[in-house]
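Asks: Attaching a predicted model along with its sequence, questions to come.
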Amino acid sequence: MPSGYGAEVPDLRATVTAARDALARVGVVGPDAEILAAHVLGTSLGELRMRMLRGAEIAPDDARALGALVARRGEREPLQHLTGEAHFRHVSLAVGPGVFTPRPETEVLVDHALALLAARRADAADAPSIVVDACAGSGAVAIAIATERPATQVHAVELSDDAIAWTRRNVDALAPSIRLVQGDVAELDALLPDVVGAVDVLVSNPPYVPAAAVPRDPEVRLHDPALALYSGDDGLDVVRALADVGLRMVRAGGGIALEHGEEQGGGVRAVLSAAGWHDAATHPDLTGRDRITTARR
Ligand SMILES: C[S@@+](CC[C@H](N)C(=O)[O-])C[C@H]1O[C@@H](n2cnc3c(N)ncnc32)[C@H](O)[C@@H]1O
């Protein structure tokens with residue numbers, strides 16, 4: 001990482017600008033330098049920008065800490081691992097090595113799960129709502145739903161020892177009503193026997209990358225866990241498992257919402273329809289790419 005900032009540059013604005021330029025030279029563009037500076041100073045982005053405009057200085061120790069983080073970001077460590085947090089809908093989740101970093105497109109998956117839940121509630125207004133988040137990772141989806149629909153019973157399932165430590169931490173801090181279970185989602189009915197046939201919505205952002213389609217971005221390839229990414233030759237092994245076990249978990253009229261790759265909509269609809277789901281439909285994410293498929297039981 002080229003130098004150009006540090007103890008000899010006490011001006012905050014010049015230090016952050018040098019950090020931004022250093023990151024741009026290695027292909028990292030965006031607000032990363034500002035976010036890291038705000039993190040080091042323990043302040044918000046808005047306050048950081050105010051301080052920069054006012055011509056504030058930065059203490060040498062803070063400049064050195066920022067330089068170290070910028071160097072790591074330049075080596076393509078995920079920004080969220082450096083700050084220790086990822087923002088998802090209205091919550092801030094703790095993340096780090098061992099857990100998948102939640103993505104903005106998954107916020108749209110939550111919209112579809114909530115829409116299925118609302119449709120289901122119109123049919124069965126007196127029964128309690130039950131949602132299962134299969135493949136919970138940081139807990140992003142489960143926690144968003146539990147906090148946005150507090151009357152809903154949310155169950156979350158995660159297989160990985162490393163990931164579930166983060167799920168547990170986030171659930172305990174943000175939505176302790178969630179029931180978190182460790183295990184393989186192919187065995188959802190054995191893991192959650194008391195809600196078999198009673199689930200209103202099964203939602204999942206499963207691993208879906210085909211085995212040979214190794215992601216280009218180092219942040220993903222080197223820092224997202226392999227178990228979070230890959231799922232057999234065509235990427236749909238976990239989708240097939242969810243389509244099968246989901247039929248036993250979800251009550252008649254309930255729904256399933258799955259995230260997938262932009263080329264996989266047809267494959268996911270075929271898997272769901274072959275398993276016996278109805279009305280399979282694929283929906284775009286915020287950038288217009290087909291990334292979410294829903295169906296009704
Ligand atoms: C793409 S990540 C999604 C995490 C989180 N739901 C999100 O959207 O940010 C997939 C998660 O599924 C977990 N996983 C993979 N295979 C699984 C399986 N068979 N059963 C349960 N969890 C699994 C991985 O460990 C990973 O945490």
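Replies: Sure thing, it's come through.

Asks: residue contacts, residue 290?
Replies: When the contact criterion is C-beta atoms under 8 Å, 6 or more residues apart in numbering, the partners of residue 290 are 262, 265, 282-284. Every C-beta, even on glycine, is put in place using the N, C-alpha and C of the backbone.

Asks: Whichever residue of the stretch 1-150 of the chain sits closest to the ligand: neighbouring residues, count only.
Replies: Ranking the residues of the stretch 1-150 of the chain by distance to the ligand (C-beta to the nearest ligand atom) places residue 137 first, at 2.4 Å. The local packing count at residue 137 equals 31, with neighbours defined by other C-beta atoms under 10 Å.

Asks: where does it land in three-state SS?
Replies: Under the three-state scheme (DSSP: H, G, I helix; E, B strand; the rest coil), the conformation of residue 137 reads as coil.

Asks: Could you give the backbone dihedrals for the nearest residue to it once chain neighbours are set aside?
Replies: The spatial neighbour of residue 137 that comes closest, neighbours along the chain excluded (C-beta to C-beta, 6 or more residues apart in numbering), is residue 100 at 4.4 Å. As for residue 100, its main-chain torsions (degrees, to the nearest 10) stand at phi -70, psi 130.

Asks: re the thing from before, can you verify my assumption that the residue of the stretch 1-150 of the chain closest to the ligand contacts residue 163?
Replies: Yes - applying C-beta atoms under 8 Å as the test, residue 137 and residue 163 come out as touching, 5.5 Å apart.

Asks: Quickly list what's touching both of these two.
Replies: Contact criterion C-beta under 8 Å, 6+ apart; residues bridging residue 137 and residue 163 by contacting each: 99-100, 228.

Asks: so which of those are also by the ligand?
Replies: With respect to the ligand, and counting by C-beta under 6 Å from any ligand atom, the subset of those in contact is 100, 228.

Asks: most surrounded residue in the shared contacts of residue 137 and residue 163?
Replies: Neighbour-wise, these (other C-beta under 10 Å) top out at residue 99, 31 neighbours.

Asks: does it really touch residue 163, like I thought?
Replies: Yes - taking C-beta under 8 Å as the definition, residue 99 is a contact partner of residue 163 at 4.6 Å.

Asks: can you list the shared contacts of residue 137 and residue 163 in TSV and add pLDDT?
Replies: As requested, these are arranged in TSV below (pLDDT from 0 to 100):
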residue	pLDDT
99	97
100	96
228	95
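
Asks: quick one: the most centrally placed residue in the chain from residue 293, how far?
Replies: With distances taken as C-alpha atoms, centre = their mean, the chain has residue 102 as the residue nearest its mean C-alpha position (1.9 Å). With distances taken as C-beta to C-beta, to the nearest Å, residue 102 is found 19 Å from residue 293.

Asks: again, but for residue 226
Replies: With C-beta to C-beta as the criterion, residue 226 and residue 293 are 24 Å apart.

Asks: try residue 116
Replies: Here the criterion is C-beta to C-beta. By it, residue 116 lies 12 Å from residue 293.

Asks: between the two, what contacts are shared?
Replies: Common contact partners of residue 116 and residue 293 (C-beta under 8 Å, 6+ apart): residue 257.

Asks: what's the domain layout of this protein?
Replies: 12-75, 86-296 (automatic domain parsing).
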